[in-house]
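J.: below are the sequence and a predicted model for it; my questions follow.
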Amino acid sequence: MRKKPIIYICGKYSDSDKKEVTKNINKARKVAIQIWDMGAVAICPHLNTAYFDILCKKAKYNNFLNGYLNIIEMCNGLFLLDNWRESKGSKKEKKHAQKWHIDIFYEMEDLEDYLRKY
């Protein structure tokens, strides 16, 4: 079986307003669905640890960020949501992806082109 490309979804998660956090999660979910529908594997941290910043007693922001930086190293691509610049974590994730020479996508059309050639 041929391996499918793994695409990490990167964008703003945190906000002081929990309604905005939910909006950020839903935005990432929509992109994750598109990526799965294109035949790739979507890694969506927004869904994987949704609200864990509130629910976890010991794990904190840096635990999550450092864990996701490890996951990025295993991915073929990083898709940046339109709100990524509003997030310190997303900026670190993008920089980490660049360090590991992971392909970075800003537009869904560019990702689609990449996946057609994969």
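T.: Here it is on my side, so go on. Predicted model only: the values in this text are computed from it and were never measured.
J.: can you give me the strands in this protein?
T.: Taking DSSP state E as the criterion, the chain carries its strands at 6-10, 41-43, 77-80, 103-105.
J.: which one, of those, ends up nearest to Ala32?
T.: Distances from Ala32 to each of these were compared by C-beta to C-beta, and the smallest falls on strand 41-43, at 4.0 Å. C-beta coordinates here come from the backbone N, C-alpha and C atoms, glycine included.
J.: which residues sit in contact with Trp84?
T.: The contact partners of Trp84, taken as C-beta atoms under 8 Å, 6 or more residues apart in numbering, are 10-12, 90-91, 94.
J.: what's the burial count for the closest residue to His46 other than its chain neighbours?
T.: Leaving out its chain neighbours, the residue that sits closest to His46 by C-beta to C-beta, 6 or more residues apart in numbering is Ala28, at 3.7 Å. Residues near Ala28, counting by other C-beta atoms under 10 Å, number 24.
J.: number the residues from 20 up from this point.
T.: Renumbered: residue one is now 20, and that last one reads Ala47.
J.: which ones are touching Ala47?
T.: Going by C-beta under 8 Å, 6+ apart, Ala47 touches 28, 30, 32, 63-66, 100.
J.: same thing but at 7 Å, please
T.: With contacts taken as C-beta atoms under 7 Å, 6 or more residues apart in numbering, Ala47 has the following neighbours: 28, 30, 63, 65-66, 100.
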